[in-house]
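1. Please find the sequence and the predicted model below.
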Amino acid sequence: MDFTLPATMRDCWIVNDGVMGGVSQSGLRHDPQGMIFEGQVSLKNNGGFASMRSPARFETETQVLELTTRGDGKRYKLILRTEAAVRVTYESDFVSEATWHTHRFTTSQFIASFRGRSVQAPHLSFSDVIELGILIADKQEGSFRLQLKTIKSS
């Protein structure tokens, strides 16, 4: 996926803690160097997360995902949903850096989760992925900004 393309951003959507009564806000903005995911995380009303999502598909032989970002030094999660466990998210943490950095992920780095709690789920296979997202949570109150350039599979 190439997040420098406006068409890629049109397929993305936002899911914030408002679905559970929170008041965090976020949005997506196109930039020729990469889509910007930014906003404000609030802990009010038991909130505390903001996320963006996108449909995704990876080749059968995919062993590694490479996500290129730059940001604000905060901890984010790459989240994946699969056809095999639609209600479960597979999550892996990364810390954004002020300069462009490529984060490498293997299936063993992901933890199956449901509403923030670890759960038993089928083994993650990148070829089963139908959706990806970026999540900021973990009581990181305040403004955030993460720029996404690409996600590649190998």
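-> Nice, I can see it.
2. my read: residue 120 touches residue 111, true?
-> No: with contact defined as C-beta atoms under 8 Å, residue 120 does not reach residue 111; the gap is 11.1 Å. Quick note: C-beta positions are derived from backbone N, CA and C, even for glycine.
3. Confidence-wise, which helix or strand of this protein is lowest on average?
-> strand 117-118 (a mean of 90; mean pLDDT, DSSP states H and E).
4. Contacts for that strand next, please.
-> 111-112 (C-beta atoms under 8 Å, 6 or more residues apart in numbering).
5. can you do 6 Å?
-> Residues from elsewhere that reach strand 117-118 (C-beta atoms under 6 Å, 6 or more residues apart in numbering): residue 111.
6. residue contacts, the residue sitting furthest away from the middle of the chain?
-> For the chain, the largest distance from the centre (C-alpha atoms, centre = their mean) belongs to residue 45, which lies 22.9 Å off. Residues in contact with residue 45, defined by C-beta under 6 Å, 6+ apart, are 21-23.
7. Name the SS class of it, please.
-> helix (DSSP: H, G, I helix; E, B strand; the rest coil).
8. how near is it to residue 144?
-> From residue 45 across to residue 144, the span is 18 Å (C-beta to C-beta, to the nearest Å).
9. any idea how far residue 85 is from residue 122?
-> 5 Å.
10. More neighbours: which of these two?
-> Legend: neighbour count by other C-beta atoms under 10 Å for residue 85 and residue 122, higher for residue 85 (18 against 13).
11. Residues contacting the longest strand anywhere in the chain, please?
-> As assigned by DSSP state E, the longest strand anywhere in the chain is strand 142-153. Residues from elsewhere that reach strand 142-153, judged by C-beta under 6 Å, 6+ apart: 1-3, 34-38, 40, 58-59, 62, 65-72, 74, 96, 136.
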